[in-house]
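Q: Got a sequence here, can you build the structure:
(2 chains)
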Amino acid sequence: MIQESFAAGNSPIHRLNPTLRVVAAAAYSFIVALAHGLPTLLTSLAISIILLFFARLNLKKVFQRFTVVLGFLLLIWVILPWTYKGEIWFHLGPLAITRPGVLLCLEISLKSIAILLAMITLVSTMTTARMGHTLNRLHLPDKLVYLILITYRYIFVIEQEYQRLMRAARIRNFRPGSNLHTYRTYAYLLGMLFVRSAERAKRVHLAMVCRGFSGKFYSLQENTRGYQNWVFALLMSLSLLGLAILEISTPAILI
Amino acid sequence: MPDIPLFTLTNLNFNYPGREPVIKNLQLQFYPGERIGLVAPNGSGKTTLFHLIMGLLKPTSGSIEFLGRPAVSEEDFAAVRQKIGLLFQDADDQLFSPTVIEDVAFGPLNLGCSREEAREISLKTLEFLGLSDFADRVTFKLSGGEKKLVSLATVLAMKPEVLLLDEPTAGLDRKTKTRLIEILNGLELSYIIISHEFDFLKEIAHHIYTMEDGKITLDEELYIHHHEHAHRVGAQPHKHI
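A: Just a heads-up that it's a prediction; the model follows:
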């Protein structure tokens, strides 16, 4: 279900301190999301590509990750240019393509690609477990962190449970169709899945209590220290500062 | 045998809301060094008994004493849980951390060990069980038998004095069962084991009790015995009850 295809690796990015990476990714995403200047966005795209280069990821898999977002972007490109009001740029058959519409599409595309790339290279290069502990270290609420860690652990078990229920239905010749019987069966299945998951949650909690759990989650993992972290922190801060300055000094794509 | 029992259950009663009592006036004194097998039909309250001992369920009436002191509050039971390790029926309930080492270290960390101590204890426990290679494996990708042994490791890492094992052999193949027998016989621990398998219990339990009418009884008609016989697919794991 959850494939951590980028988590394994030994690139310079993988070796960086995860806390630093999460903070850098968050700060970077903020700045890029708030930017409106074409030079800023192009520069951030370049920064993301440089990061991707250092993470040495399988480009084919990165592209696969992108397909979902590309679908959305395609939708935007199909609809926005002729629905957004503004100065008309050219006519495409019966449709009037507006300049602001196209520019807006460009802005959205650049932003999403830059942010997504940065997230893939900086955040998805750590395991979900690692990310949970990192968020814990960043003082995010304990409950939120448990939610991530436990969901990650049990989503597989719940899926297995679902498969088991589905098999039980199938061996009795259940064939989904569009009729009330199918809907009812799926509703039962889903309901049963909820009940079982709740029961399991109860048992897991008891098992945790048996081992002295009292609400605090401790982590075994130690974060790496080393000069690379400082270099990365410095470069990233400089890039962010550069982006901010660039953004202030250049006009927005859409005025 | 020392005079103080590890724990004493006196006149214990328990029923789930709106249902018939499962535990009725149960008495049990458990001394250090005892190794008890518990055989009883499904629904006779064995698992409930374990949960009562651990303080996961509160008895309707009756008392639980641990080392001569009554255990009532959640705090009392927190101390009890350090000394008594409960192995759950379903290993998936017990292993909730992403990696094996983290799961084994969970107990020691909760007991206040430092990160290094916890890691060391966990690695030693895994080594003792012959699971050293498993430390960095992902828990949900283990096989059933591996999960069982790892969950035993998570319990042993807390250095308990008593083990409560709830059907530890359920769904295990013969090889893993043999491993389990070796491990249990190599431990200097007292334990109570719920199981339906006489072949397994005779290897590891000194006494076999049964539960009847909400009470623990020594059933005179049950006794440990040897017999050899042959039948088809006898080499496959199976039960004779």
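Q: What parts of chain A come near chain B?
A: A:127-129, A:149-150, A:152-154, A:156-157, A:200, A:203-204, A:206-214, A:216, A:218-220, A:222 (CB under 8 Å from any CB of the partner chain). Every C-beta, even on glycine, is put in place using the N, C-alpha and C of the backbone.
Q: cutoff 6 Å now
A: Within chain A, the positions adjacent to chain B are A:129, A:153, A:156-157, A:203-204, A:206-207, A:210-213, A:218, A:220 by CB under 6 Å from any CB of the partner chain.
Q: Output the residues you listed in CSV, with pLDDT appended to each entry.
A: Output for the residues of chain A next to chain B, formatted as CSV (pLDDT from 0 to 100):
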residue, pLDDT
A:129, 78
A:153, 77
A:156, 80
A:157, 81
A:203, 89
A:204, 87
A:206, 89
A:207, 89
A:210, 87
A:211, 87
A:212, 84
A:213, 83
A:218, 75
A:220, 73
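Q: Please state the backbone phi and psi of the most centrally placed residue in chain A?
A: The residue lying closest to the centre of chain A (CA atoms, centre = their mean) is residue A:119, at 6.5 Å. Main-chain dihedrals, residue A:119, degrees, to the nearest 10: phi -60, psi -40.
Q: Of the residues of chain A next to chain B, just the buried ones, PyMOL syntax please.
A: Per 16 or more other CB atoms under 10 Å in any protein chain shown, the buried members of the residues of chain A next to chain B correspond to this PyMOL selection:
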select buried, chain A and resi 129+153+156+157+203+204+206+207+210+211+212+213+218+220
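Q: With secondary structure as extra columns, can I get the residues of chain A next to chain B in JSON lines?
A: Converted to JSON lines, these look like this (DSSP: H, G, I helix; E, B strand; the rest coil):
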{"residue": "A:129", "secondary structure": "helix"}
{"residue": "A:153", "secondary structure": "helix"}
{"residue": "A:156", "secondary structure": "helix"}
{"residue": "A:157", "secondary structure": "helix"}
{"residue": "A:203", "secondary structure": "helix"}
{"residue": "A:204", "secondary structure": "helix"}
{"residue": "A:206", "secondary structure": "helix"}
{"residue": "A:207", "secondary structure": "helix"}
{"residue": "A:210", "secondary structure": "helix"}
{"residue": "A:211", "secondary structure": "coil"}
{"residue": "A:212", "secondary structure": "coil"}
{"residue": "A:213", "secondary structure": "coil"}
{"residue": "A:218", "secondary structure": "coil"}
{"residue": "A:220", "secondary structure": "coil"}
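Q: any idea how chain A splits into domains?
A: A:18-126+A:223-249, A:134-210 (automatic domain parsing).
Q: What is the end-to-end distance of the last one?
A: Pointing back at domain A:134-210 there. 26 Å (CA to CA, to the nearest Å).
Q: Next: the first one.
A: The first and final residues of domain A:18-126+A:223-249 sit 33 Å from each other (CA to CA).
Q: thinking again about what came up before, the domains of chain A: lowest mean pLDDT?
A: Ranked by mean pLDDT, those bottom out at domain A:134-210, with a mean of 86.
Q: What parts of chain B come near chain A?
A: Residues of chain B lying near chain A (CB under 6 Å from any CB): B:54, B:56, B:81, B:86, B:88, B:92-94, B:96, B:98, B:102, B:105-107, B:109-111, B:115, B:140.
Q: Just the buried subset of the residues you listed, please.
A: B:54, B:56, B:81, B:86, B:88, B:92-94, B:96, B:98, B:102, B:105-107, B:109-111, B:140.
Q: re the thing from before, and the domains of chain A, which is most packed in?
A: domain A:18-126+A:223-249 (a mean of 16; mean count of other CB atoms under 10 Å in any protein chain shown).
Q: hmm, back to that, among the domains of chain A, which comes closest to residue B:190?
A: Each of the domains of chain A has some distance to residue B:190 by CB to CB; the shortest is domain A:134-210, at 17.1 Å.
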